[in-house]
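Student: What shape does this take:
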Amino acid sequence: MNKSLQKVHFIAIGGSAMHNLALTLHDAGVEVTGSDDVIYDPSKTRLADAGILPPRFGWFPEKITPDLDAVIVGMHARSDNPELLRAKELGIPLYSYPEFLYRHAKDKTRLVVAGSHGKTTVTAMVIHVMTRAGLDTDFMVGSQLRGFQRMIRLTPDAPYMVIEGDEYPTSPLDPRPKFLHYKPHHTVITGIALDHINKFDTFDKYLEQFAAYVRTIEPGGTLVYFEEDPHLPKLATLRDDIRKIPYRTPSYEIIDGIYYLITPYGRVPMKIFGRHNMQNAEGARLLLQAIGVDDRTFYDHIRTFEGAGMRLETLYDDGNTVIIRDFAHAPSKVKASVEAVRERYPDKKLTAVLELHTYSSLNKKFIPHYKGTLEPADEAVVFYSPEAVKIKRLDPIEPEFIRQAFGRPDLKVFTDDREFKRYMENLPKDNNVLLLMSSGHLGGIEVRDLVEE
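Tutor: The predicted model follows:
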């Protein structure tokens with residue numbers, strides 16, 4: 001941690017990543033203040049427990065004082081934010097979230113995980129193995145990790161920094177993807193499938209962000225990439241001054257529902273499941289090779305990895321009924337999650353429930369990308385809120401359009417949260433796997449109540 005920082009203000013402190021960074025700086029002794037127009041749990045409770053929850057919601061330029069060492073601005077803020085304008089007027093150093101991370105890690109060996117899907121899990125795998133192998137590392141990951149209090153660790157002495165590289169825009173002042181700031185020494189790209197259509201309206205524009213990212217790799221660095229992806233082999237040709245290591249789906253087998261990697265050291269049992277997670281493990285293995293972690297060490301520790309929060313997280317399993325929570329929202333993620341659960345539980349009824357919540361998933365131009373993603377499920381359900389569509393200023397969506405776009409005439413579509421809740425409460429539980437996929441709030445349903453019931 002840079003000791004020159006004594007007092008820092010956060011604009012849009014309530015975000016998932018922003019509040020974790022605020023808590024990390026607070027724990028390091030920095031005086032932290034912040035503002036936001038709305039803050040939800042768990043951010044709200046965590047900030048309150050630390051004593052740094054803003055006393056009132058809103059933007060207050062009087063909080064921006066000349067004695068601030070830095071102002072960190074989140075993507076949720078707008079370019080005309082009054083606090084942001086005041087910071088500019090006073091000439092206080094302004095950082096976006098990724099700029100601040102790079103400022104901290106510029107003298108460390110940076111390992112960055114990128115890709116449209118799987119990057120949170122691969123990042124978590126890398127941190128898990130490094131920590132258990134005794135390699136001191138700082139990190140930033142986009143999901144809560146078991147055994148870790150924070151999603152961010154920043155120290156002055158750790159020689160490494162592991163970062164989940166997001167392609168979403170940086171801040172209201174900088175439309176470039178976040179991962180363009182990190183300049184990795186070693187990176188893995190897991191795959192590319194169109195996402196964030198509100199920012200990249202064509203696949204070519206989206207693909208160009210990854211091409212730009214490959215160009216930021218430090219000379220002499222390493223690019224690990226999934227060569228079964230149709231686009232990554234071509235992107236790898238953009239650089240001749242780095243090592244390029246392709247990988248494919250590793251050999252694995254399933255015995256009594258347990259996934260085993262087939263390795264030179266024998267079968268390695270895994271606590272996670274799904275073909276895509278076996279691919280994720282292979283990407284993590286090769287990325288760690290770049291910093292000298294040998295395969296035996298990797299397999300010794302990856303077998304204890306239990307997954308990242310809300311990534312195919314098993315909430316309940318009594319041998320008869322299984323409830324799984326997943327963050328999947330983009331088509332490639334939904335498809336991988338449904339296929340993974342079907343593969344693991346071939347003899348159970350699979351009920352797949354998807355909430356359309358993001359801008360892309362509620363955009364009529366984008367929704368046809370979901371065609372076939374729920375096909376392996378015995379019963380498929382989609383919930384979305386017309387009010388959310390209206391708030392995002394998108395064209396209205398009819399349930400029949402959703403059925404046709406997904407390619408399932410039997411698709412159950414709910415737009416009323418009360419009807420959706422009644423359906424969920426009355427689901428048959430005998431020999432059933434319930435897969436809940438959402439990056440939102442599932443229409444206000446308390447998943448804990450379903451588990452307790």
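Student: excluding its backbone neighbours, what's nearest Lys379?
Tutor: One thing to correct before we go on: residue 379 is Glu, not Lys. Thr351 (4.5 Å; C-beta to C-beta, 6 or more residues apart in numbering). Glycine gets a C-beta too; all of them are placed from N, C-alpha and C.
Student: Which helix or strand contains that neighbour?
Tutor: Element membership for Thr351 (DSSP states H and E) is strand 349-355.
Student: Same question for Val451.
Tutor: helix 447-452.
Student: Which phi and psi values does Val112 adopt?
Tutor: phi -120, psi 140 (degrees, to the nearest 10).
Student: any idea how far Ala281 is from it?
Tutor: 18 Å (C-beta to C-beta, to the nearest Å).
Student: Arg275 too?
Tutor: In terms of C-beta to C-beta, Arg275 sits 11 Å off from Ala281.
Student: For the stretch 301-450 of the chain, which segments count as strands?
Tutor: With DSSP state E, counting those that start in this stretch as the criterion, the stretch 301-450 of the chain has strands at 313-317, 322-326, 349-355, 379-383, 412-414, 432-437.
Student: Identify the residues contacting the second one?
Tutor: Residues outside strand 322-326 that contact it (C-beta atoms under 8 Å, 6 or more residues apart in numbering): 310-317, 337, 341, 345, 348, 432-438, 447, 450-451.
Student: swap the cut-off to 6 Å and go again
Tutor: 310, 312-316, 337, 433-437, 451 (C-beta atoms under 6 Å, 6 or more residues apart in numbering).
Student: List the buried residues of whichever helix or strand Val129 is part of.
Tutor: Element membership for Val129 (DSSP H and E) is helix 119-132. Neighbour-count burial for helix 119-132 flags 119-131 (criterion: 16 or more other C-beta atoms under 10 Å).
Student: What count of nearby residues applies to the closest residue to Arg403 other than its chain neighbours?
Tutor: Of all residues not flanking Arg403 in the chain, Leu411 sits nearest, at 4.6 Å (C-beta to C-beta, 6+ apart). For Leu411, the neighbour count with other C-beta atoms under 10 Å is 20.
Student: show me the residues around Val71 that make contact.
Tutor: Residues 9, 87, 92, 94 are the ones in contact with Val71 under the rule C-beta under 6 Å, 6+ apart.
Student: one more time with 10 Å
Tutor: Residues in contact with Val71 (C-beta atoms under 10 Å, 6 or more residues apart in numbering) are 8-11, 33, 63-64, 83-84, 86-88, 90, 92-95.
Student: quick one: pLDDT of Tyr265?
Tutor: If you check Tyr265, the pLDDT there is 94.
Student: My read is that it contacts Ile302, right?
Tutor: No. With contact defined as C-beta atoms under 10 Å, Tyr265 does not reach Ile302; the gap is 11.7 Å.
Student: Neighbour count: those two, which is higher?
Tutor: Ile302 (23 against 11).
Student: Could you give the bridge partners of Val224?
Tutor: Val188, Ile245 (DSSP bridges).
Student: Could you check how far Leu53 is from Trp59?
Tutor: In terms of C-beta to C-beta, Leu53 sits 16 Å off from Trp59.
Student: What is the burial count for the residue nearest to Glu379?
Tutor: Using other C-beta under 10 Å, Thr351 has 21 other residues around it.
Student: Could you tell me which residues make contact with it?
Tutor: By C-beta under 10 Å, 6+ apart, the contact set of Thr351 is 323, 341, 377-381, 412, 424, 427-428, 432-436.
Student: That one pairs with what?
Tutor: Here Thr351 sits in beta bridges with Glu379, Leu434, going by DSSP bridges.
Student: Kindly give the local confidence score, pLDDT, for it.
Tutor: pLDDT, Thr351: 96.
Student: where's the helix holding Val129 relative to the chain centroid, distance-wise?
Tutor: 13 Å (C-alpha atoms, centre = their mean, to the nearest Å).
Student: What's the first helix or strand after that helix?
Tutor: strand 137-140.
Student: The chain: helices as residue ranges?
Tutor: 16-27, 43-50, 82-90, 97-105, 119-132, 203-214, 232-236, 275-289, 295-302, 331-344, 386-391, 399-406, 417-425, 447-452 (DSSP state H).
Student: To Met161, which of those lies closest?
Tutor: helix 97-105 (3.7 Å; C-beta to C-beta).
Student: Can you give me the buried ones in that closest one?
Tutor: For helix 97-105, by 16+ other C-beta under 10 Å, it's 97-102, 104-105.
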